[in-house]
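>>> give me coordinates for this.
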Amino acid sequence: MFSHRWSIRCLTAALLAVAVLLCFPVNYLIAASRSISEGNALEHAISIQMEEKAYRIVALGDSISAGYEPGMNESSVPYGYVERLREQGLYHGRTKVYNYGILGLTSSGLKNYVSAIQEGVAVKPETIQRGLPDPRISAFAAGIVDARAALEQADLITITIGGNDLYSLISEIENYSSVEIEAKGRELMNAYTLNVREIIDDLTAMNPHAEIILMDQYQPVPKIIIGSAYSYLQSAADTFTTAVEGLAGEYARQGKHVKAVHVAQVFKGREIALTHIFPRGDIHPNQAGYEMIAKVVAEEVWGAYQENEALQEGVPVQVVVKGKRVQSPYAPVLRQGQTFLALKDITEAIGASSSWDSRNSTAFVTYNGRKVSIPIGSSKIIANGEEIPTNSPAFLNKVGQESKTYVPLALLAHGLGLDVQYIEKSKTVFINL
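As a prediction, this is how the structure comes out:
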């Protein structure tokens, strides 16, 4: 009898931890990754210019989608699986990401949220789910129209949901026998399946062409902590996996683009290495865990996961053009928060032609019908006859015995119609045509 009660208490603690897995502290607020820009006006102009060509990723779900780690606060910038998918997309072309992960969301809450999005009318926060700890929930509830537009244009939709569904069971688990627990578990999984089916029905009605990735639930508590209960929790994770596979297969037979992605398998037996369970006692993924989630999704979507290379000594950023890293003796330079590249490197990488007017110290670049003139030290460039002001003028940089023309990437992007995105965490500049 003592042994039975001990195992139930251990199981309760473990399941409580799983429920916490998809919850945020109240003061956490996602900060968007920043693009290199020549001020807000230029950044806005560039984003509009690139809008139609971008591969769009929309993330739905809970704190796993939002990239939470313990210790984050309002000023923290997450670097979770969604941010890594943005990077993976940029290796293949222009990419935009919209993250609608909501703190503490259950499958019922996501069903309500997606249903409201399909109807296209702003709702009250409690219509989505009562008691959510997300300080952004009012903005999510009011931003239904924008969310619908993002989903309608999405190429890829990712979903992480289900961990918080366990809360209804674990809050009173000690009042149930093992038989009752199993029955309640089956009831919970049936409700989860019905909710996710309704979510996918709404998503495919709004956008029948998007690829939908539905992830299963990893079990975050290591065997060393819960002992014999480990196999029970793994069995529970397997039940989620079976449900996710069944749903994906159901829609695939209807000719719809829904796929199951197995996150649980890569965490199995690696819970300590991939979560914050030790020493911080938090079971959200750590950076290694988020990278593993991104890998399994990227391998499903693009067939491979591109690893970020370590920066060489003295090189402030790495530059990727059309999916290939620029290898050059002329290192990028950072000035006033702007990244400058040797003009020759960028023109050769994109296939543009360039010339130099030594009398006027001006470089000329022609690409895809566009012509840009870049005077050294000038507070403006001329792109297709239009003057564009800048606080970061081009300059001549001495490299060994050579003097190379270095230009600010954002300015060149605007002039040539390129897309330039900067990922702060990996110190990588992505340039796409």
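>>> now do the SS call for the most far-flung residue of the chain relative to its centre.
Computed with C-alpha atoms, centre = their mean, the residue of the chain farthest from its C-alpha average is residue 359, at 47.9 Å. Taken by DSSP: H, G, I helix; E, B strand; the rest coil, the conformation at residue 359 corresponds to coil.
>>> spit out the contact partners of it.
Contact analysis of residue 359 by C-beta atoms under 8 Å, 6 or more residues apart in numbering lists nothing. Placement of C-beta: from N, CA and C, glycine included.
>>> and if you look at residue 131?
residue 104.
>>> how far away is it from residue 104?
8 Å (C-beta to C-beta, to the nearest Å).
>>> and what of residue 160?
13 Å.
>>> mind checking which of those two has more residues around it?
Neighbour count, other C-beta atoms under 10 Å: between residue 160 and residue 104, residue 160 has more, with 30 against 21.
>>> dump the residue contacts of the more buried one.
Here residue 160 is in contact with 22, 59-62, 64-65, 101, 215, 263 (C-beta under 8 Å, 6+ apart).
>>> for it, which non-adjacent residue is closest in space?
residue 61 (3.8 Å; C-beta to C-beta, 6 or more residues apart in numbering).
>>> what's the burial count for that neighbour?
24.
>>> in the sheet, who's paired with it?
Beta-bridge pairing of residue 61 under DSSP bridges involves residue 101, residue 160.
>>> re earlier: shared neighbours of residue 131 and residue 104, anything?
Contacts common to residue 131 and residue 104, judged by C-beta under 8 Å, 6+ apart, are absent.
>>> show me where pLDDT drops low in the stretch 301-433 of the chain?
By pLDDT under 70, the stretch 301-433 of the chain has no low-scoring segment.
>>> show me the contacts for the residue most central in space within the chain.
Against the mean C-alpha coordinate of the chain, by C-alpha atoms, centre = their mean, the closest residue is residue 82 at 1.4 Å. Shown in contact with residue 82 (C-beta under 8 Å, 6+ apart): 57, 59, 65-67, 97, 99, 101, 158.
>>> excluding sequence neighbours, find me the nearest residue to it.
Closest to residue 82 by C-beta to C-beta, 6+ apart is residue 59, at 4.6 Å.
>>> near that neighbour, how many other residues are there?
Neighbours of residue 59 (other C-beta under 10 Å): 26.
>>> does it touch residue 110 like I think?
No. The criterion here is C-beta atoms under 8 Å, and residue 59 misses it with residue 110 at 11.7 Å.
>>> ranges for the strands of the stretch 1-150 of the chain?
55-61, 95-101 (DSSP state E, counting those that start in this stretch).
>>> any chance of those strands in JSON lines, plus distance to residue 392 and mean pLDDT?
Converted to JSON lines, the strands of the stretch 1-150 of the chain look like this (distance: least, C-beta to C-beta, whole Å; pLDDT from 0 to 100):
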{"stretch": "strand 55-61", "distance to residue 392": "29", "mean pLDDT": "98"}
{"stretch": "strand 95-101", "distance to residue 392": "25", "mean pLDDT": "97"}
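>>> tabulate these (JSON lines), appending distance to residue 301.
JSON lines is the format used below for these (distance: least, C-beta to C-beta, whole Å):
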{"stretch": "strand 55-61", "distance to residue 301": "9"}
{"stretch": "strand 95-101", "distance to residue 301": "11"}
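>>> so which of those is nearest residue 154?
strand 55-61 (4.3 Å; C-beta to C-beta).
>>> roughly how far is the closest one from the heart of the chain?
Per C-alpha atoms, centre = their mean, to the nearest Å, the displacement of strand 55-61 from the mean C-alpha position of its chain is 8 Å.
>>> now stretch 151-171
Taking mean C-alpha positions (C-alpha atoms, centre = their mean), stretch 151-171 and its chain are 15 Å apart.
>>> so which bits of that stretch are buried?
151-167, 169-170 (16 or more other C-beta atoms under 10 Å).
>>> repeat for stretch 241-258
Quick answer for stretch 241-258 (16+ other C-beta under 10 Å): 241, 243-244, 247-248, 251, 256-258.
>>> out of these, who's nearest residue 329?
Nearest member of the buried residues of stretch 241-258 to residue 329, counting by C-beta to C-beta, is residue 257, at 45.0 Å.
>>> for the closest one, what are phi and psi?
Dihedral pair for residue 257: phi -90, psi 70, per degrees, to the nearest 10.
>>> need the contact list for it.
209-212, 251.
>>> mind redoing it with 7 Å?
Residue 257 makes contacts with 210-212, as judged by C-beta atoms under 7 Å, 6 or more residues apart in numbering.
>>> also residue 198?
If you count contacts by C-beta under 7 Å, 6+ apart, then residue 198 has residue 111 around it.
>>> and if you look at residue 84?
Here residue 84 is in contact with 290-291, 294 (C-beta under 7 Å, 6+ apart).
>>> go on, residue 215?
Applying C-beta under 7 Å, 6+ apart, the residues near residue 215 are 159-160, 261, 263.
>>> quickly check the residues you listed for the two that are furthest apart.
Taking C-beta to C-beta, no two of the contacts of residue 215 sit farther apart than 159 and 263, at 11.4 Å.
>>> could you identify the helix or strand that succeeds the lengthiest helix in the chain?
Using DSSP state H to define each element, the chain has its longest helix at helix 178-206. Next helix or strand after helix 178-206 toward the C-terminus (DSSP states H and E): strand 211-215.
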